[in-house]
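[1] sequence and predicted model, in that order:
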Amino acid sequence: MLTTYLTAFFCCLTLSLVLTWFVRKFAVACGWVEAPQLARHVHTVPVPRLGGVAIFASFTTIVSVALLAPGWVGLVSQFSARVVLGLLAPALIVFLLGLYDDRNSVDPYWKFAIQSVAAVLLYVGGFGIHNLHFIFGGHELRSVIGLPLTIFWILLITNAFNLIDGLDGLAAGSALFSILVVLVISLIVPNPIITFLTVALAAATLGFLPFNFHPASIFLGDSGSLFIGFMLGALALQGSQKAPTIVAVAIPVVSLGLPILDVALAVTRRFLGRKPLFSADADHIHHRLLKRGFSQRDAVLILYAVTAGFGFFSLVLLQGRKEIALVLAVVGLGVFVGLQQLRYHELSEVLAIFQNLTRRRQVVANHVAIRRAAESLDKCSEFRLICEILLGTLQPIGFDGIRLQMLNPNGFSPSLFHPFCSGPNGDLVSWWSQPDVDEPSWQLRLGLVTSSQKRWGYLTLVRLSDREALSVDVNLLTQAFCTSLANAVDRACVQLEASKLGDGDAPELLARKRAAGTTAD
């Protein structure tokens, strides 16, 4: 069998090299090239994008020889024409779809529909999810469950490789690493038919890669990326079918981690940004690496290393179920750290949501303190008590001081507003932290309107530093709290006016203002 695999590999490799050279020359002569027109394009000169033709032709040629003359390649007892045709027939549909899309743009919904038909044929041909040991105890899955799972998996992997095909050599090289993982698994399990098909696919891809690596002289095109993605999705499932329990599912998911991660990010980004899910953009993982300053070659090599890492951890899963938790933890941590380095704004917003959840207890405590302060202010009519209430409420939240600005200054001496001090602009100021900067980094200016709709002035909340986020809903400060503070300040001013006339006149003065509608209750 080893001789058979090596013979098939070198024959397919040679054929792929020759066909890629010929297809490139033919496409250039016919003018079938793609010029850099869109913002997401990174190539600078027109390049043909029919590389998938060479890969498909070399792969199917070697497999057809093995199918027509299994004795010649030493696969008489292992090679099943029904199984091979069950894979090649739907793969041909996907390839033709990609080839047509390379020349004429196809609507995404039509592409998904045709790929779904191919996935159904694949399932009928024996390739698909027919058994999930860890959920159904080893029993055969009904088609109503297995078929939708198979369609979802095939659509995911097929289009994932189409999405990452954005840099020279990226999709083909990443696919090659994943193919090698499937090859190793098929040798260990073992599964001779899958091994032979994987060897042929690896050779066809490797023969194309020298022409596609930066600077590329030919692209995969949709015909190549969709075909390789479809084949990998099918072979990854079939190759791990005999692996035990949940490992059979975990291995293909982890081994194809990079394209799956890119798809998940693309869908999440577009959903959170309220953009069409099928609209192309320049924010894929490889684009983010370019924006971080890496060259095309360096970005591709980094993603090769990432793909190899996913492949290594998928092979570790072959040791059994005990390693699954450890592998998933390491992979998850690596993905988290890597995505932080890519600086996705959507990820930052999602993390902020989780951080807010962890701070929710503090937020609740701050909101309760503000509501209680509003109740206390409703009973307050002295500037000393007002200042104490504001200090006890706003300082723990993160504010360093306040300013009160009156719309109609009444000529009182600043000493009457103690412990408030007179500011440079004639406003009342109270600092809880010693100001050591000329300008605060953060201010929130709120209008003070009493219950009787008298506009008293403004309250400015001041922060000297924004080193920590506020754990409070600002809307809570702008509603009942501001009204209660305006009422309290207005009552305190009435007390000051009464003190000029005499303490016994305060109730009469307050009654007159109430009757005139110029102060709050």
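    Looks like it came in fine. Keep in mind the model is a prediction, meaning the values are calculated, not measured.
[2] tell me where the model's unsure across the chain.
    Residue ranges of the chain with pLDDT under 70: 37-44, 70-79, 130-142, 239-249, 320-322, 358, 408-415, 434-439, 467, 500-521.
[3] please redo it, this time with the cut-off set to 50
    Within the chain, the ranges that satisfy pLDDT under 50 run 134-137, 245, 516-521.
[4] domain ranges for it?
    If you go by automatic domain parsing, the domain ranges for the chain are 2-354, 360-516.
[5] which parts of the longest helix seen in the chain are buried?
    Longest helix of the chain, by residue count under DSSP state H: helix 2-30. Using 16 or more other CB atoms under 10 Å as the test for burial, helix 2-30 gives 4-5, 8-9, 11-13, 15-17, 19-21, 23-24, 27. Placement of C-beta: from N, CA and C, glycine included.
[6] which of the domains of the chain is buried the deepest?
    domain 2-354 (a mean of 19; mean count of other CB atoms under 10 Å).
[7] next, the residue nearest the centre of the chain: secondary structure please.
    The centre of the chain sits closest to L265, judged by CA atoms, centre = their mean, with a distance of 3.4 Å. Remark: L265 carries the secondary structure label helix [criterion: DSSP: H, G, I helix; E, B strand; the rest coil].
[8] now Q405
    Q405 - assigned by three-state DSSP - is strand.
[9] I'd say it and R455 touch.
    No - judged on CB atoms under 8 Å, Q405 makes no contact with R455 at a distance of 11.3 Å.
[10] what touches both of these two?
    Here Q405 and R455 share no contacting residue, scored by CB atoms under 8 Å, 6 or more residues apart in numbering.
[11] contact partners for T158?
    V94, Q115, L226, G229, F230, G233.
[12] just after the helix or strand where it lies, pick out the following helix or strand.
    Using DSSP states H and E, T158 falls within helix 143-163. Next helix or strand after helix 143-163 toward the C-terminus (DSSP H and E): helix 170-188.
[13] following the chain onward from that next one, which element is next?
    helix 192-212.
[14] packing partners of that following helix?
    helix 2-30, helix 51-68, helix 81-103, helix 170-188, helix 221-239 (3 or more CB pairs under 8 Å, 6 or more residues apart in numbering; DSSP states H and E).
[15] next, format those helices as CSV and append distance to I157.
    Listed next are the helices and strands packed on helix 192-212 as CSV, based on distance: least, CB to CB, whole Å:
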stretch, distance to I157
helix 2-30, 22
helix 51-68, 16
helix 81-103, 11
helix 170-188, 9
helix 221-239, 3
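[16] any idea how far I55 is from G233?
    When distance is defined by CB to CB, to the nearest Å, I55 is 16 Å away from G233.
[17] where exactly do the helices run in the stretch 251-400 of the chain?
    For the stretch 251-400 of the chain, the helices defined by DSSP state H, counting those that start in this stretch occupy 257-272, 285-291, 296-316, 324-342, 345-358, 360-377, 383-397.
[18] for the ones you listed, which one sits closest to S178?
    Nearest to S178 among the helices of the stretch 251-400 of the chain is helix 296-316 (6.5 Å), distances taken as CB to CB.
[19] that closest one packs against which elements?
    Partner elements for helix 296-316 (3+ CB pairs under 8 Å, 6+ apart): helix 170-188, helix 247-255, helix 257-272, helix 285-291, helix 324-342.
[20] list the contacts of the fourth one.
    Put plainly, it is helix 285-291. Helix 285-291 is contacted from outside by 40, 42, 164, 166-167, 170, 258, 261-262, 265, 296, 298-300, 302-303, 342-344, using CB under 8 Å, 6+ apart.
[21] mind doing that once more with 10 Å?
    Under the criterion CB atoms under 10 Å, 6 or more residues apart in numbering, residues 39-40, 42, 163-167, 170-171, 174, 258-259, 261-262, 265-266, 281-284, 294-296, 298-300, 302-303, 306, 338-339, 341-344 lie in contact with helix 285-291.
[22] now do the same contact list for E468.
    E468 touches G398, counting by CB under 10 Å, 6+ apart.
[23] among the helices and strands packed on helix 192-212, which comes closest to V254?
    With CB to CB as the measure, helix 170-188 is the member of the helices and strands packed on helix 192-212 nearest V254 (8.9 Å).
[24] now the angle from that closest one to helix 192-212?
    Computed with axes from the mean of the first three to the mean of the last three CA atoms, to 10 degrees, the direction of helix 170-188 lies at 160 degrees from that of helix 192-212.
[25] now the contacts of T158 as JSON lines including distance to V474?
    Below are those laid out as JSON lines (distance: CB to CB, whole Å):
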{"residue": "V94", "distance to V474": "53"}
{"residue": "Q115", "distance to V474": "48"}
{"residue": "L226", "distance to V474": "50"}
{"residue": "G229", "distance to V474": "48"}
{"residue": "F230", "distance to V474": "52"}
{"residue": "G233", "distance to V474": "49"}
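[26] what is the nearest of these to I251?
    G233 (13.1 Å).
[27] the closest one contacts A119, correct?
    Yes - G233 lies in contact with A119 (CB atoms under 10 Å); the separation is 8.6 Å.
[28] many thanks, have a good one.
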